[in-house]
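A.B. asks: With the sequence up front, the predicted model follows.
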Amino acid sequence: MKDMTEGYTTADGRRIGPVLMEMKNITLRFGGVKAITDISFDIREGEIRAIIGPNGAGKSSMLNVISGFYVPQEGEVWFKGYRRGPMRPYQVARLGISRTFQNIALFDGMSVLDNIMTGRLTLMKSGLLNQALWWGRAEREETEHREKVEKIIDFLEIQAIRKTPVGRLPYGLKKRVELARALAAEPKLLLLDEPMAGMNVEEKEDMSRFILDVNDEFGTTIVLIEHDMGVVMDLSDRVVVMDYGKKIGDGTPDEVRSNPDVINAYLGVAHD
Amino acid sequence: MFYREAGDFKTSYADDSQTFPIRFDRLRYYAVVAVAFGVIPFVINDYWANAVFVPFLIYAIAAIGLNILTGYCGQVSLGTGGFMAVGAYACYKLMTAFPEVSILIHVLLAGGITAMVGVLFGLPSLRIKGFYLAVATLAAQFFLVWLFNKVPWFYNYSASGQISAPERTILGHPVTGAATTASAKYLFCLVILFALAWLARNLTRGTVGRKWMAIRDMDIAAEIIGVNPLTTKLSAFAISSFYIGVAGALFFAVYLGAAEVGEAFGIQKSFLILFMIIIGGLGSIFGSFAGAAFMVLMPVLLKNILVGQFGWATDLAAHVELMIVGALIVIFLIAEPHGMAQLWRLAKEKLRLWPFPH
Amino acid sequence: MPDQLLYATEAALNGLMAGVLYSLVALGFVLIFKASGIFNYAQGVLALFAALTLVGFQNGQVPFAHLINAVFGTDLHHFGWQLPALVAIVLTAGVMVALAIVIERYVLKHLVNQPPIILFMATIGMAYFLEGFGDIMWGADIKKLDVGLPQGLNETIDAVTFEAFGYGFFIDNLDIVASVVAALLVISLTLFSQYSKQGRALRAVADDHQAALSVGISLRFIWVLVWSIAGFVALVAGIMWGSKSGVQFSLSLIALKALPVLMLGGFTSIPGAIVGGLIIGMGEKLFEFFIGPMIGGATENWFAYVLALLFLVFRPQGLFGEKIIERV
Amino acid sequence: MLDAAKTESLLEVNNIEVIYNHVILVLKGVSLSVPKGGITALLGGNGAGKTTTLKAISNLLHSERGEVTKGSIIYRGERVQDMSPADLVKKGVIQVMEGRHCFGHLTVEDNLLTGAYTRTDREVAKDLEMVYHYFPRLKERRKSQAGYTSGGEQQMVAIGRALMSRPETILLDEPSMGLAPQLVEQIFEIVRAVNEKEGVTFLLAEQNTNVALRYAHYGYILENGRVVMDGPAADLRENPDVKEFYLGMSDKGRKSFRDVRSYRRRKRWLA
Amino acid sequence: VPNLSYRTGPYAPGGIPYADGFNDYFTLLNERDGGIGGEKVVNPECETAYNTEKGVECYEATKGSGALVYNPLSTGITYQLIPKVSADGIPLYTPGYGRTSAANGKIFEWVFNYPANYWDGASVAIKYLLDQNGGDLSGKRIALVYHNSAYGKEPIRTLQELSKKHGYELIEIPVDHPGQEQKSQWLQIRRDKPDYVLMWGWGVMNAVAIQEAANIRYPMENFIGIWWSGSENDVLPVGDGANGYKSLAMHGTGMDYPVYGDLKTYVYDTGKASGAGDQVGSVLYSRGMYAALVISEAIRKAQELAGHSAITAAELRNGFEALEITEARMAELGLPNFGQPFAASCADHGGPGHALIQQWDAAAKKWNLITGFIAPDDEVLTPLVMEDSAAFAAENAIAERCN
Ligand SMILES: Nc1ncnc2c1ncn2[C@@H]1O[C@H](COP(=O)(O)OP(=O)(O)OP(=O)(O)O)[C@@H](O)[C@H]1O
Ligand SMILES: Nc1ncnc2c1ncn2[C@@H]1O[C@H](COP(=O)(O)OP(=O)(O)OP(=O)(O)O)[C@@H](O)[C@H]1O
Ligand SMILES: [Mg+2]
Ligand SMILES: [Mg+2]
């Protein structure tokens, strides 16, 4: 076993750091429905951590717990070595956690560019008056941030639709814009909820490439929920498997793949 | 083919976030401004000023204000009339208490006071959403009107509760009171509108505007990506109320000259301004102008046509006018739910493609 | 009982009754909101229009007399008949159905899938139109509406309470009738929307127009149905309010009294409209009665809203409204 | 296996053009023919126009400010373009919309029952049991509001709802989206079962080309608003371009998503 | 003479008959006499819907075309027009409504509100009650039910002053626009059992109030409305319950006046009647006619003073100021015992302020006058008028005239 406290280096030479976030004994209920039951796992710096499980297992709920939208009835969330107290989601975002959503949550009334710019809101500082007069800091800031955003736009290859209102985009491009918005915040931890749903193989390949590049270039830690086992197994370093709100497996893709519980509950047949 | 935007030739991002990125648009804008400042003041008469231009300018301010709240931040408000009343009464109290201070300052202060009141009534928006909020803002509407009607301090204990604007001057020209000339009224309102529209434009194209729009389009997602709903919504309420307060102050002091709160700032006003922004286009400054122009001009026009041209009896004309206004609103909404601003955009899109469709 | 308590009870009872009258208007709102997510501002004008039409039929007024006379120089006013109330009511109900069909055909149909605020504005446009139309059709003068409902002090209650407390309570007969009618309406409408196939379809339409279309729900039919029912409810409200105050433009402003009721009860709940009405009616009457004189009176307009607002802060969807789904 | 050439075609789409908002031309002449009792797949990348095609058929375009400006849509020999979606459902064509579109405030069960809105027979309860049999997860959640169920559960509701109307033809828009792998197989098994047992015709838009081509009889590939290729599913599966770009197979079998990092441009059939 | 009327909106039922009466009288003059002094009077109508903004529009639209005088029948529009007409030099005639202190001609050069105003009305009502009670109201309780607006609030000050003088207790009960629902107000009255109820209402509020009063069995003869609460519109919808209700009146009503003969010949029978023609003889019709009559007399006077017939607005003002209408003149005009005689002066734009009391007879559907003209208590009113007009003068830096 590798040294798990201080991190390790993967086979392809990426550096995985110490634990960034730790979920301890999380339980989340909605009235009578137990969405998550006593789940613990950790996320290491720089790794791609996948969460898989059948529909309704509680994966998205887990992301919502991480991003502060759901408050679990029991359990603790530790981030960067500190216990995270009760926080509103926007405060969590300011810690450097950003995400995409399963049911696309873009701002339909805005252009692609503006949507991505909203990702940088937590980083922009100019005041109301400044903005109103469009002087000095406001204008400078706008230009600076615009440059950064343009880099992301280039990176995700969505230059052509920069000014299109997002409402008109097809599903797959929306997902890409959502990723761009999340990236624009320059997060430490990026949460992706089914980023490849509704894409064909080629588009999935593109998306995989983006995810890997983000992880590589910026060292961003990524939590990924995905139903395409090919993608999960190829991309992730470690996988948590949930079923009916419980954790039924946790480990490297290979370990998970051969876990009989997982095969039984989720995979159906052994995937290669 | 004069409408050209072949490709994106901007070389800097600052250029790209200009208000009018297309040259032709920019020219047209300069032309409009030139006419508004350089021609109209010299030809305007009492009728045009009082029946058309001054109300249009003032309503445009109010419409921009409401558009910030409703069009940009997504919080539907039916309390506009009440907030205009706050502006009007604040202005009245200031004018009578500090006669030596410039009316311009009074108007702005009145806006400031309205902003504070707006924030107060904006607090419930943190929990209440959609139509529930819209109806809840009626509480502000009715309460404020009642307050100004009931507390004699607000109307300086006058016998009937009416307030009348005393004469005040700017640079020696009266801008309120009976002696005001048409062009003074017009210019005073125009200058304020111009400045406020410019500020609104700046606010809406930058960070603040994006926060508002994010809240409008999907408040939960906005909060998760780091928008603080409290400050964002309240800032929208504050700024919107500021505009509406200024509009209320001008409405009373410059336009009407005397006002009775229930009549001048009743719920009808709230609806009227809401109409303006919806017909004009939610989330568009240009739309606020277009909507205000439409709602001010149309009844005047209809009346002049029906009564003046066709010689109908006034009551018949008034009823037909109501029907036509109602029908036009519906027709407009059916033709283009996103308002005149969108119609304009689509027209431009078509023009740009012209003469090759698609 | 001490006097104050007696007065309070009387005020509260009357408040409850007034609340029922508000509820009658609110019911129309709820129906339409439930069925299509449309916040129908025209409900008040609908009530006015229904009442005008009813009076017109009853008195044999010539519709559009004013216009006809103006155009043809004739002097028409009345057909010279008097219809029995029941016949007039049935005819008016027919007119309301026709109106529903027209509204669907020329307005709603073209606004499928639009954001709620657009639909709301369209109903305001319709309100303007109907107002002008009603005036042209029947004239803007004040009219007396009498379909034979009892009005005024209820002797029995007065006598009984006088026996018991030494102070006779004032309860208006009209209010009693209104309460009975409202109860019947609420029960039947609740049954309809809870237990019929159409009821389920209504709620589906409110949630998602497109999806409703995709499963084969005919928006057309649903809307005509609901607007007809709402028109009928408006007729009932129009009769009650018209008997009270005569029929003329101001009748349409009762919509404003229904809004806080709606807000408090929840936009989507039929029983909510009644409960909301009762609470609002009682609250505002008691407030006006006891606190009003201290702060200058005429508090009813805003108090109802403030009361509703307070409730909303604790339950943003109103007492019985459907929870607003917040998920990502 | 069905032979497309021999069976009569139930639905004919002839050279349709679709314009949104009067300016955005999305479909530029799409023709399809859906054979009776077959499963036809509509494939293509993001924004190719699959959803638009399906909506054009089921007449749901109107509510999105889109319209069919050219061409015709014939169902059982009858022009259906000007019919209301409700009438079309009565004729037996129902669409499962992309992105689930459940009635959020209704319970799962009520959602399913709305599917039976157009039916007048007495076997609704039986079909409800059938849907619950297909999707046991829904039975567990039958009393909860659909708005609060998970993404996959909503997808099941949407499909189940369509089945409840006992349609003759189902237009399925991305049924596999967001479903767990074994459920994807299961859904396609259901599609096949319903198709074979009850003779229901399917037209399905799918991104998951792999599965879609395994279950479909015939396929169309759409790109940029045009049909660029069509043929029996088996043939398409063997086509090298389809293999590479839609199935993610290279000569050496499936390649890892980790390895596709280098920049690479998709081959276009149309420039 | 523009007619700023309102035939739509919440107050249409009041606006329609008034506008009809106003128009018909001028039509009569034109048809019968060929106008006034040979000049035909045109009175273009402009719909305000009781709305101040439309009022402004109407004012601006008509003032350019040689408008001589305005009569907007709305207190709100009046307030707004006062500064405007003063600047433009056009008289504003507001009989029985508007700004009461405009009676002080020293300050309000361009505004005339004779023959009577709200404060006169309030005072006359109290006078009448004094009469009924043998000159003593002390210990009595009088409730004022009023429209919660500028208009409704007008009498409060006067009634307060009078209560000091006569020792009655005043209970103020406001009713918000539009006044459809007045349960709590009338329960309050039922509880407090005031000896008398006065009402300053307009529009639907009147009918509802009278209905509620009937419902709680309030003795109708103790319920007195201002002249704006005393038209057929207010009592007819209530039916029998309204029997015995009283209201003030500035003038007679009904069709028993010779002028109706001429109106019939020259106006109604020639199809020139304004509106639907079904309002003839009603209280508000009579009032509109009365206003037109006063204006026409002022025009006559002005023509006389100016020495030519095509007078200007400023000349008309002089006519208004010098106007004197005697009973003999009224009889000559076909309206004997219709209105009170009065004479204006530079300082007095308010007239004597006398008023009648009328009572509704539900069976006959008819108003009956039950008193002669009663004079107001000028001792109390004059200082109030002075005070209020002085405040206006101070606010607007107006110097007194007529000294
Ligand atoms: N706000 C809520 N109220 C009630 N129940 C909820 C809520 N959110 C989630 N649930 C329930 O919790 C369970 C887990 O939902 P979740 O969305 O986390 O599933 P998931 O694992 O993401 O599934 P999928 O793969 O289908 O998206 C589901 O059964 C869902 O119905
Ligand atoms: N309402 C609309 N208004 C304008 N353009 C639209 C609208 N809906 C779709 N489009 C455009 O039509 C094109 C085709 O969209 P469509 O949704 O049919 O694609 P699709 O093949 O279903 O893609 P996906 O696989 O992503 O769902 C896209 O380019 C999209 O931008
Ligand atoms: Mg999920
Ligand atoms: Mg699609």
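C.D. replies: Arrived safely. Ligands and ions are numbered 1, 2, ... in the order given.
A.B. asks: Which residue ranges of the stretch 51-200 of chain D form strands?
C.D. replies: According to DSSP state E, counting those that start in this stretch, the stretch 51-200 of chain D carries its strands in the segments D:66-75, D:78-79, D:93-96, D:169-173.
A.B. asks: Surely residue A:29 is in a helix?
C.D. replies: No: Residue A:29 is assigned strand when assessed by DSSP: H, G, I helix; E, B strand; the rest coil, not a helix.
A.B. asks: Next one: residue 269, what pLDDT does it get?
C.D. replies: All of this is about chain A. The pLDDT attached to residue A:269 in the predicted structure is 57.
A.B. asks: Not quite, go with chain E.
C.D. replies: If you check residue E:269, the pLDDT there is 87.
A.B. asks: re the thing from before, find the one among the strands of the stretch 51-200 of chain D with the highest mean neighbour count.
C.D. replies: With neighbours taken as mean count of other Cβ atoms under 10 Å in any protein chain shown, the strands of the stretch 51-200 of chain D reach their highest mean count in strand D:93-96, at a mean of 28. Bear in mind the C-beta positions are built from the backbone N, C-alpha and C, glycine included.
A.B. asks: average pLDDT for it?
C.D. replies: The average pLDDT within strand D:93-96 is 91.
A.B. asks: Let's see it as CSV, backbone CA atoms only.
C.D. replies: These are the backbone C-alpha positions of strand D:93-96, laid out as CSV (Å, rounded to 0.1, in the frame of the first residue of the first chain):
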residue,chain,number,x,y,z
VAL,D,93,-48.0,9.1,-31.5
ILE,D,94,-46.4,10.1,-28.2
GLN,D,95,-43.1,11.7,-27.5
VAL,D,96,-40.8,11.3,-24.5
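A.B. asks: Run me through the strand neighbours of that strand, direction for each.
C.D. replies: The pairing partners recorded for strand D:93-96 under DSSP bridges are strand D:169-173 (parallel).
A.B. asks: Let's test this: mean pLDDT of the strand it pairs with, rounded?
C.D. replies: Per-residue confidence for strand D:169-173 averages out to 92 on the pLDDT scale.
A.B. asks: Tell me the secondary structure of residue D:19, please.
C.D. replies: With three-state DSSP as the basis, the three-state label of residue D:19 is strand.
A.B. asks: measure it to ligand 3 for me?
C.D. replies: Residue D:19 sits 35 Å away from ligand 3, going by Cβ to the ion, to the nearest Å.
A.B. asks: what sits opposite that residue in the beta ladder?
C.D. replies: Applying DSSP bridges to residue D:19 yields these beta-bridge partners: residue D:25, residue D:67.
A.B. asks: Contact partners for it?
C.D. replies: B:358, D:25, D:26, D:66, D:67, D:69 (Cβ atoms under 8 Å, 6 or more residues apart in numbering or on different chains).
A.B. asks: any chance of those residues in JSON lines, with pLDDT and distance to residue A:165 too?
C.D. replies: Shown next, in JSON lines, are the contacts of residue D:19 (pLDDT from 0 to 100; distance: Cβ to Cβ, whole Å):
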{"residue": "B:358", "pLDDT": "48", "distance to residue A:165": "19"}
{"residue": "D:25", "pLDDT": "89", "distance to residue A:165": "17"}
{"residue": "D:26", "pLDDT": "89", "distance to residue A:165": "15"}
{"residue": "D:66", "pLDDT": "86", "distance to residue A:165": "15"}
{"residue": "D:67", "pLDDT": "88", "distance to residue A:165": "20"}
{"residue": "D:69", "pLDDT": "90", "distance to residue A:165": "22"}
